[in-house]
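Engineer: what shape does this take:
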Amino acid sequence: ENPYQIDLHGLTVQEAFDKVKKTLSLYYKKGIHHILIITGKGTTGKGLIKNEFSGWMENPKLAQYIRSWRWQNAGGAAFIELKRKKNL
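Structural biologist: Got it, this is the predicted structure:
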């Protein structure tokens, strides 16, 4: 099991975005390279967070930390590879 994961169940879309942004920033700064983000598929099957998620990955506030990402668990989670922190 991946120890670096967050679960967005029960959050609003805005709360989920804020949590993802904060987590990616923190993990990037700590030098963590992989994270699993559990979006869920939504209780109504609409998956509001899941539907927004792909757009978030292109948002400059988040994309600055992301090397690559892909859906897992039939789209109920996203596996993200973070960029390597540059030592300046």
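
Engineer: all helices for the protein, in order.
Structural biologist: For the chain, the helices defined by DSSP state H cover 13-30, 48-58, 60-63.

Engineer: which one of those lies closest to K85?
Structural biologist: Of all the helices of the chain, it is helix 13-30 that lies closest to K85, at 6.1 Å by Cβ to Cβ. Placement of C-beta: from N, CA and C, glycine included.

Engineer: give me the helices and strands touching that closest one, please.
Structural biologist: Contacts defined by 3 or more Cβ pairs under 8 Å, 6 or more residues apart in numbering; DSSP states H and E place helix 13-30 against strand 5-7, strand 34-38, helix 48-58, helix 60-63, strand 77-82.

Engineer: next, format the ones you listed as JSON lines and append distance to K22.
Structural biologist: Formatted as JSON lines, the helices and strands packed on helix 13-30 follow (distance: least, Cβ to Cβ, whole Å):
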{"stretch": "strand 5-7", "distance to K22": "9"}
{"stretch": "strand 34-38", "distance to K22": "12"}
{"stretch": "helix 48-58", "distance to K22": "13"}
{"stretch": "helix 60-63", "distance to K22": "10"}
{"stretch": "strand 77-82", "distance to K22": "14"}
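
Engineer: want to throw the helices of the chain into TSV with mean pLDDT, distance to L36 and mean neighbour count?
Structural biologist: Shown next, in TSV, are the helices of the chain (pLDDT from 0 to 100; distance: least, Cβ to Cβ, whole Å; neighbours: other Cβ atoms under 10 Å):
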stretch	mean pLDDT	distance to L36	mean neighbour count
helix 13-30	95	11	16
helix 48-58	92	13	16
helix 60-63	94	15	12
